[in-house]
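**Q** Give the three-dimensional model of this entry:
(chains A and B)
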Amino acid sequence: MVVGAECRNLSAGYGKKRVLKEISFYANHGECTGIVGPNGCGKSTLMRVFTRLLQPFSGEVLVGELPISSYSPSDFARFVAYLPSHIEVTYPYTAGEFLAMGRYPFHRLFRITDRSDASLFDRVVEIFSLAPYLHTRVQDLSEGERQRLFLAQCMLQQPKILFLDEPTSHLDIGRQYRTLDLLKEFQEREGCTIIAILHDLNLASFYCDRIIMMKEGSVVSAGTPSEVLTYEKIESVYEATVLVYPHPISHKPYVFGVPEAWHTLYPTEEPR
Amino acid sequence: MKRLAVVVIFFFVLAGSWFSLSCGSSFFSLSTIIGALRDSASFPYESTVLRHIRIPRLLAGFFVGAGLSLSGVVLQAILKNPLAESYTLGISGGACLGVAAGLFFASSLWVPFFAFIGGTAAVFFVLSLGGSNRFSPAMLLLLGVMMNFIFSSLSLLVVSSFHHAKFLQTVVWLMGDLNSSPELLVRIMPLVLIPCAMAIWLFHRDFDLFSLGEEKARSLGLATRKKRIIWILLVSLITSFSVSIAGIIGFVGLVIPHAARFISGAEHRHTIPAAFFIGGAFLVITDTLARVLIRPYEIPVGVMSGFFGGILFLLMLVRETRRSVW
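**A** This is a model prediction of the structure:
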């Protein structure tokens, strides 16, 4: 397996506070790797280090088997795309104008567009069904439309590696699945690596080839969904009681939360 | 829509120029203006007035307005703050103190240099206190306005040491005035402003990326820290010339960029030229109004632009809040 992104003994944080403690993990090329873990465990910090938004204290970070510091800013933007968990669009850009900015890393000072730009643009608009909104202001779009737009902009970067910070937050269940389906489809067609922070363990189980589970700035477990998403690991990391059963269709692990009031009603004989 | 914007702006600039050239102590009709410019021999009086008084003043107004408005566009984009401009970030105030110091120590040629130092020092001080994202837009604004206040007081302190004639002239200039602008600076200003404006326009994509916020801008390949410093220095340069010529003129840099975005769209390749021309024409028209409203007295143009700009800004604010509520 070719490695798409990797870090070795990575420590990072803000000021004197160490959020990531000697982390090492890898994500295979062309796979979808999910990062899960409780709030504040350093998932977003990890992503900020990988996207060069945060300088690590120590350790090695590689994308495409080269240290991230060896890329120039625009080379890096052509290789890696990043979807932050929150994007605020202050000025009245239309969706079309916003989308087109995804091509900026490919532009030169005097040569603004080429033909491949236009055809790629049309293709991405079609995949993400954005055609009706191209002239709408980004501020006037609904949450789901906006998330599709943000993802589409990342796709226009034609990244080899795509970092997503909670791509499905604020979306309803239908849109969550549709968004991840789109991503999966795009990934298979373009052969890119996806690394996504997901809060919903069941989405992670469905869509990720590998899952990295984090707690308090360290990797607790890494592997396939059935290796990582066991009730022992989930209960110790999240301090919650859960049941894990295979999904009736995919047979991948499916996590059921159990509220405290129901703990005593536990069917102890049953396999968990 | 875009073509309409170009036509509207073109007519605005033409109308502003005509208004400015025809109004003054005596009214010139359009045919007189054209005749006097073509053939100075048959219109000796008009030709002299136009060449030596009205055209320099028109150009001074246009370049100062265009420069301030352009500074506003750049600052609003790179700080992702719709309330940013050289006035609200303290650049004007710092530049103003620089000018006062320059007038105190040296000849008028060195004034923009002092203004540049003052303006740059002020904006970096405000940004290092406020950070680019640690404070909310409103907080940064408050900080900048406070800085402006402090710098203005210091400028007044320096100015109060001047002798009578110089004192009076400087105080009028402080209010924002195009009447007493030094001719040499008015000639140098376009040599500074036009290359700066071209550079800003060429790099219009930078400002689109900046307005997406730090994270998105950097992940789309923009070296934000380096670029931010470069553009702030350029804005300081433009502002220091504007302030050296015309004193503190508030609100042009705040309101005109919003008007430009409204007319031409938010993409900076359209916003930048739109703001340049609308800003120029706006200040020319305001200055002409300031000259003719209560003749033979002149209202300082800073007072006028503050008044009308403020009202325009309030209207836009109300409109925007209505929009977002419904």
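
**Q** Would you mark the buried spots in stretch A:59-74?
**A** Within stretch A:59-74, the residues that qualify as buried by neighbour count (16 or more other CB atoms under 10 Å in any protein chain shown) are A:59, A:61, A:62, A:63, A:64, A:68, A:71, A:73, A:74. Quick note: C-beta positions are derived from backbone N, CA and C, even for glycine.

**Q** same thing with stretch A:231-239?
**A** Neighbour count says stretch A:231-239 has A:231, A:233, A:234, A:237, A:238 buried, by 16+ other CB under 10 Å.

**Q** ok, the fourth one to residue A:135 distance?
**A** What it means is residue A:237. The gap separating residue A:237 from residue A:135 is 46 Å, by CB to CB, to the nearest Å.

**Q** contacting residues for residue A:64?
**A** A:4, A:5, A:79, A:160, A:161 (CB atoms under 8 Å, 6 or more residues apart in numbering or on different chains).

**Q** The third one: how many residues sit nearby?
**A** In other words, residue A:79. 19 (other CB atoms under 10 Å in any protein chain shown).

**Q** Same check on the last one?
**A** By other CB under 10 Å, the residues close to residue A:161 number 20.

**Q** Wait, it touches residue A:193, no?
**A** Yes: with contact defined as CB atoms under 8 Å, residue A:161 and residue A:193 form a contacting pair (4.6 Å).

**Q** Spell out which residues are contacts of both of those two.
**A** Contacts common to residue A:161 and residue A:193, judged by CB under 8 Å, 6+ apart, are A:4, A:5.

**Q** one step back: keep only those of the buried residues of stretch A:59-74 that are in strands.
**A** Judged by DSSP state E, strands contain the following of those: A:59, A:61, A:62, A:63.

**Q** Nearest to chain B among the buried residues of stretch A:59-74?
**A** residue A:74 (4.0 Å; CB to the nearest CB).

**Q** So what does the residue in the stretch 151-272 of chain A that chain B sits nearest to have for phi and psi?
**A** The minimum distance from the stretch 151-272 of chain A to chain B, using CB to the nearest CB, falls at residue A:157 (7.3 Å). Taking degrees, to the nearest 10, you get phi -70, psi -10 for the backbone angles of residue A:157.

**Q** Any residues of chain B in contact with chain A? List them.
**A** Counting by CB under 8 Å from any CB of the partner chain, chain B comes close to chain A at B:76-77, B:80-82, B:202-203, B:205, B:208-209, B:211-216, B:218-223, B:261-262, B:265-267, B:324.

**Q** wait, what's in contact with the spatially closest residue to residue B:205 that is not a sequence neighbour?
**A** Excluding the flanking residues, the one nearest residue B:205 by CB to CB, 6 or more residues apart in numbering or on different chains is residue A:104, at 5.1 Å. Residue A:104 is in contact with A:77, B:205, B:208, B:209, B:220, B:221, counting by CB under 8 Å, 6+ apart.

**Q** Now the two most distant members of those residues.
**A** Farthest-apart pair in the contacts of residue A:104 is A:77 and B:208; separation 13.8 Å (CB to CB).

**Q** Give the other helices and strands that the helix or strand harbouring residue B:153 contacts.
**A** Using DSSP states H and E, residue B:153 sits in helix B:137-159. Applying 3 or more CB pairs under 8 Å, 6 or more residues apart in numbering or on different chains; DSSP states H and E, we find helix B:137-159 packed against helix B:91-105, helix B:111-130, helix B:164-174.

**Q** Highest mean neighbour count out of the ones you listed?
**A** helix B:91-105 (a mean of 27; mean count of other CB atoms under 10 Å in any protein chain shown).

**Q** That helix vs helix B:111-130, what angle?
**A** Orientation check (axes from the mean of the first three to the mean of the last three CA atoms, to 10 degrees): helix B:91-105 against helix B:111-130 gives 140 degrees.

**Q** Give me the neighbour count for the closest residue to residue A:166 other than its chain neighbours.
**A** For residue A:166, ignoring the flanking residues on the chain, the nearest one in space by CB to CB, 6+ apart is residue A:85 at 4.8 Å. For residue A:85, the count of nearby residues is 15 (other CB under 10 Å).

**Q** List the backbone torsions phi and psi for the residue nearest to the residue of the stretch 151-272 of chain A closest to chain B when sequence neighbours are not counted.
**A** Excluding the flanking residues, the one nearest residue A:157 by CB to CB, 6+ apart is residue A:81, at 4.3 Å. Here is the backbone geometry of residue A:81 (degrees, to the nearest 10): phi -110, psi 150.

**Q** Which positions are bridged to residue A:81 in the beta structure?
**A** residue A:162 (DSSP bridges).

**Q** low pLDDT regions in chain A?
**A** Filtered on pLDDT under 70, chain A yields the residue ranges A:1, A:110-116, A:265-272.

**Q** Just the buried positions in the lengthiest helix in it, please.
**A** If you go by DSSP state H, chain A has its longest helix at helix A:173-190. With burial defined by 16+ other CB under 10 Å, the residues of helix A:173-190 counted as buried are A:175, A:176, A:178, A:179, A:180, A:182, A:183, A:186, A:187.

**Q** about what we covered before: need the residues that contact the helix holding residue B:153.
**A** Under CB under 8 Å, 6+ apart, the answer for helix B:137-159 is B:79, B:81-84, B:87-90, B:92-94, B:96-97, B:99-101, B:103-104, B:118, B:122, B:125-126, B:129-130, B:135, B:167, B:170-171, B:174, B:248.

**Q** at 6 Å what do you get?
**A** Contact with helix B:137-159 is made by B:81, B:83, B:88-90, B:93-94, B:96-97, B:100, B:104, B:122, B:126, B:130, B:170, as judged by CB atoms under 6 Å, 6 or more residues apart in numbering or on different chains.

**Q** list the buried ones in it?
**A** B:137, B:140-141, B:143-145, B:147-148, B:151-152, B:154-155, B:158-159.

**Q** Then stretch A:194-203?
**A** Quick answer for stretch A:194-203 (16+ other CB under 10 Å): A:194, A:195, A:196, A:197, A:198, A:200, A:201, A:202, A:203.
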